[in-house]
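Peer 1: Sequence and predicted structure, then a few things I'm wondering about:
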Amino acid sequence: MKFYHISIGEVNPDPFSEAIQNGLSRRYYRLVNWSHSAILVEGAGEDSGVYESTDPGFQKSSIEMALAGAVIRHKVEIQVVDGQAAIAWLKRFIGTPYSHLGFAVFLPSWLRWVVTKLIPKFILKRFANGRSESFCSESTAWFMRDNCPGALQDNLLSEENCDRVDPYLAHEIAVSYRKKLRP
């Protein structure tokens, strides 16, 4: 069985997806033409499919459904420690609610700073909700943290930072866990 991190971009992005892509392009000084991240599992029988966070939450869908009106911009095979444990992880994560507040990571840095200074701490805790709620790239970050070799020591995948992983950064992290081809 194979595990992939996929970066998905809409063929005709809606205004929200376009805003995410434009914001990521400005933040990283390069063209980012995707706004969604997911885990694709192939060769696992009935467990094969796309595991993704969309509204209403983390779910498994077919590749056709995940790509309705969209294309895969990047497909990176990632190494996992134990394929069966990774499948079990994905199944346990199904039903995790979608994190609407998680979109704060897409705000410009100055606005994020203002928000953190003006909003009371008890409300800010809803933004940093850990594994209790998740958006697409956050879900893929948690998956890589818990299933890729050495990821627990990766600062980008720390408990605190998984809540801040955007679709561009999720792709970059996946590249660092790319499955190495044996000679």
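Peer 2: Happy to help now that I have it.

Peer 1: A strand includes Ile6, no?
Peer 2: Yes. When classified by DSSP: H, G, I helix; E, B strand; the rest coil, Ile6 is found to be part of a strand.

Peer 1: Spatially central residue for the protein, please.
Peer 2: Of all residues in the chain, the one closest to the mean position by CA atoms, centre = their mean is Ser137, 1.6 Å from it.

Peer 1: Show me which residues of stretch 22-33 are buried.
Peer 2: Gly23, Leu24, Arg27, Val32 (16 or more other CB atoms under 10 Å). No exception for glycine: its C-beta is placed from N, CA and C like everyone else's.

Peer 1: List the residues that contact the second one.
Peer 2: If I follow you right, that is Leu24. Applying CB atoms under 8 Å, 6 or more residues apart in numbering, we find Leu24 in contact with Val32, Ser35, Phe106, Asp166, Pro167, Tyr168.

Peer 1: Which parts of the chain are strands?
Peer 2: Ranges of strands within the chain are 2-10, 36-42, 49-54, 57-61, 70-78, based on DSSP state E.

Peer 1: Let's have those in a markdown table, adding mean neighbour count.
Peer 2: Output for the strands of the chain, formatted as a markdown table (neighbours: other CB atoms under 10 Å):
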| stretch | mean neighbour count |
| --- | --- |
| strand 2-10 | 22 |
| strand 36-42 | 23 |
| strand 49-54 | 22 |
| strand 57-61 | 19 |
| strand 70-78 | 17 |
